[in-house]
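**Student:** just coords:
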């Protein structure tokens, strides 16, 4: 179960809730993420413009690559950096020792 941080403001809490909801609705499997060509931020900004990611935000994969999603701008959105990094770590830690292809229960 993904957890929100008590120190987050209302917007961050809302973003964390949305991320958890999107993940719970997806059919996910543990996937080893290979080498990528460029960053998600570069791809997103190329598609939507250099000002499309506010200061303090990361470009997040809506469904994480480590859960088998596509590395495509249609699977990306800006997300508060603290929320993005916390949620990513919360996903990564419990699945790190699972075999490739294991269905996730996020």
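**Tutor:** All right, it came through fine. If you're wondering where the values come from, they're calculated on a predicted model, not measured in any experiment.

**Student:** Show me the contact partners of stretch 68-80.
**Tutor:** Here stretch 68-80 makes contact (Cβ atoms under 8 Å, 6 or more residues apart in numbering) with 11-12, 15, 19, 26, 28-31, 36, 40, 43-44, 47-48, 52-54, 56-63, 65. Bear in mind the C-beta positions are built from the backbone N, C-alpha and C, glycine included.

**Student:** Check the separation of the first and last residues in stretch 22-31.
**Tutor:** End-to-end span of stretch 22-31 (Cα to Cα, to the nearest Å): 18 Å.

**Student:** do stretch 43-54 as well
**Tutor:** Start-to-end, stretch 43-54 (Cα to Cα) is 15 Å.

**Student:** Also stretch 61-75?
**Tutor:** End-to-end distance (Cα to Cα), stretch 61-75: 5 Å.

**Student:** ok, now stretch 37-56?
**Tutor:** In stretch 37-56, first residue to last residue: 23 Å (Cα to Cα).

**Student:** I'd like the distance from that stretch to the chain centre, please.
**Tutor:** Mean-position distance between stretch 37-56 and its chain equals 15 Å (Cα atoms, centre = their mean, to the nearest Å).

**Student:** go on, stretch 36-56?
**Tutor:** 14 Å.

**Student:** what comes up buried for it?
**Tutor:** 40, 41, 43, 44, 45, 53 (16 or more other Cβ atoms under 10 Å).

**Student:** What are the boundaries of the strands in this protein?
**Tutor:** 57-61, 76-80 (DSSP state E).

**Student:** I'd like the ones you listed as CSV, with distance to residue 93, mean neighbour count and mean pLDDT appended.
**Tutor:** CSV is the format used below for the strands of the chain (distance: least, Cβ to Cβ, whole Å; neighbours: other Cβ atoms under 10 Å; pLDDT from 0 to 100):
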stretch, distance to residue 93, mean neighbour count, mean pLDDT
strand 57-61, 17, 20, 97
strand 76-80, 19, 21, 98
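
**Student:** so which of those strands gets nearest residue 92?
**Tutor:** Nearest of those to residue 92, taken as Cβ to Cβ: strand 57-61 at 12.5 Å.

**Student:** now the closest one against strand 76-80, angle please.
**Tutor:** 140 degrees (axes from the mean of the first three to the mean of the last three Cα atoms, to 10 degrees).
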